[in-house]
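[1] Provided below for reference: sequence and predicted model.
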Amino acid sequence: MRGVVLHAPRDVRVEQRDDPTIVEPTDALIRLSATCVCGSDLWPYRGADPVTRPSPMGHEYAGIVTEVGTGVTTIRPGQFVIGSFFASDNTCEICRAGYQTSCIHRVGIGGLGAQAEYLRVPLADGTLVATPDVPSDDLIPGFLAASDVLGTGWFAAVAADVRPGRTVAVVGDGAVGLLGVLAARQLGAERIIAMSRHEPRQKLALEFGATDIVTERGDEGVARIKDLTGGLGAHSVIEAVGTQQSMMQAIHATRPGGHVGFVGVTHDVALPGDELFFSHVHLHGGPAPVRRFLPELIDLIWHRRIDPGKVFDLELPLDDAAEGYRAMDERRAIKTLLRP
Ligand SMILES: [Zn+2]
């Protein structure tokens, strides 16, 4: 099969890889209907994470089951399924508490390479969620978004304790931040302030439910949030970048007693204890347990109540993956969908 392999920073190749096979009896094989490039794929692409050997890429996936192992009982060939970037058994105590990305048996999908024609999914019964039927083609981008960016934005909103009547600020205008806006709207937030200085992203944020746009960053951005909230700060702040600046911006934009939901993969973030101590904010985040939210998200997409697939503003054949990475790196695209 063909699959994306990162050989070195900025060296993305689509090459022949071995077809995956059933390894464990709990595995399933899927034929990908679509896959995509994640903002977090840009860390190794830019050399911020080391690339020591050729690495298969991709951890977002939706597609048709082609084969299951002898231990798989609920997932069947022919089903259209979505899973998250960590496979999980969905039965251990951590999974049952809703933290499937910390499952005691978790397996990272990233190492298996979902930017490809086929994918082996471990722990299929726990990991995969099937749609009621094979969806029409126009719904596929939405289901693919549920695999990571929608589920991650949703978790960020839940971790930030978004609820009806609340004011929410969103730091980061990538796909996760934008879908954090959508999640905040669905969870009943009254006011949603998107922080973005890019016009196409501002437009999408407004379509997803943002009520205000703040273009300033850092301390100036925090001052604008304070202006908009009677000097108090937002009740809930979603942090969807992962840098020192974005994290401090999120903490400073939150009112005392408020909540920060942080889902940007942190890179060299160090929190000053004294500022944290006096901020009086709740911090919760980490790799989003997307699996917790998949049944609800799939239902919303299936019934066309939400359209998270709008975050894909570039669609390319898998063979053009290198251009998909370039477009996201140069911020010409919010998110690239790849069709195998
Ligand atoms: Zn588990």
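    Okay, I see it.

[2] burial measure for Ile22, as a count.
    Residues lying near Ile22 (other C-beta atoms under 10 Å) number 17. Every residue, glycine included, has its C-beta placed from N, CA and C.

[3] How about Asp49?
    Asp49: 16 surrounding residues under other C-beta under 10 Å.

[4] pLDDT score assigned to it?
    pLDDT for Asp49: 83.

[5] Trp43 is in contact with that one, correct?
    Yes - applying C-beta atoms under 8 Å as the test, Asp49 and Trp43 come out as touching, 4.5 Å apart.

[6] Now do the same contact list for Met247.
    Met247 makes contact with Glu239, Val241, Phe262, Gly264, Thr266, Val269, Leu271, according to C-beta atoms under 8 Å, 6 or more residues apart in numbering.

[7] separation between it and Ala28?
    Distance, Met247 to Ala28, using C-beta to C-beta, to the nearest Å: 37 Å.

[8] The ion: which of the contacts of Met247 is nearest?
    For these, the closest approach to the ion (C-beta to the ion) belongs to Phe262, at 22.6 Å.

[9] residues contacting the nearest residue to that closest one once chain neighbours are set aside?
    Among residues not flanking Phe262 along the chain, Gly285 sits closest, at 3.3 Å (C-beta to C-beta, 6 or more residues apart in numbering). Taking C-beta under 8 Å, 6+ apart as the contact definition, Gly285 lies against Ala156, Ala159, Glu239, Val260, Gly261, Phe262, Val263.

[10] which residue ranges form the strands in the stretch 1-150 of the chain?
    2-8, 11-16, 28-36, 55-56, 61-68, 80-82, 86-87, 107-108, 118-121, 129-130 (DSSP state E, counting those that start in this stretch).

[11] now the angle between strand 28-36 and the fifth one, please.
    When you say that, I think you mean strand 61-68. Relative orientation of strand 61-68 versus strand 28-36 (axes from the mean of the first three to the mean of the last three C-alpha atoms, to 10 degrees): 160 degrees.

[12] what about the closest residue to Tyr45 other than its chain neighbours, how many neighbours?
    Spatial nearest neighbour of Tyr45, chain neighbours left out: Tyr325 (5.5 Å); criterion: C-beta to C-beta, 6+ apart. Applying other C-beta under 10 Å, we find 24 residues neighbouring Tyr325.

[13] you'd agree Tyr325 is in a helix?
    Yes - assessed with DSSP: H, G, I helix; E, B strand; the rest coil, Tyr325 lies in a helix.

[14] Report pLDDT for it.
    On the pLDDT scale, Tyr325 gets 98.

[15] that older thread, select from the contacts of Met247 the one having the most neighbours.
    Greatest neighbour count in the contacts of Met247, by other C-beta under 10 Å, goes to Glu239: 33 neighbours.

[16] Now for it: which residues touch it?
    Contacts of Glu239 by C-beta under 8 Å, 6+ apart are 156, 171-172, 246-247, 249-250, 260-264, 285.

[17] go again using 6 Å as the cut-off
    Taking C-beta atoms under 6 Å, 6 or more residues apart in numbering as the criterion, Glu239 is in contact with Val171, Ser246, Met247, Ala250, Val260, Phe262, Gly264.

[18] Would you quantify the distance from the third one to Asp19?
    It refers to Met247. Distance, Met247 to Asp19, by C-beta to C-beta: 42 Å.

[19] got it, and Ser136?
    As judged by C-beta to C-beta, Ser136 and Asp19 stand 28 Å apart.

[20] Could you list the buried residues of stretch 227-244?
    Using 16 or more other C-beta atoms under 10 Å as the test for burial, stretch 227-244 gives 228-229, 233-243.

[21] now those residues in JSON lines, with secondary structure?
    Output for the buried residues of stretch 227-244, formatted as JSON lines (three-state DSSP):
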{"residue": "Leu228", "secondary structure": "helix"}
{"residue": "Thr229", "secondary structure": "coil"}
{"residue": "Gly233", "secondary structure": "coil"}
{"residue": "Ala234", "secondary structure": "strand"}
{"residue": "His235", "secondary structure": "strand"}
{"residue": "Ser236", "secondary structure": "strand"}
{"residue": "Val237", "secondary structure": "strand"}
{"residue": "Ile238", "secondary structure": "strand"}
{"residue": "Glu239", "secondary structure": "strand"}
{"residue": "Ala240", "secondary structure": "coil"}
{"residue": "Val241", "secondary structure": "coil"}
{"residue": "Gly242", "secondary structure": "coil"}
{"residue": "Thr243", "secondary structure": "coil"}
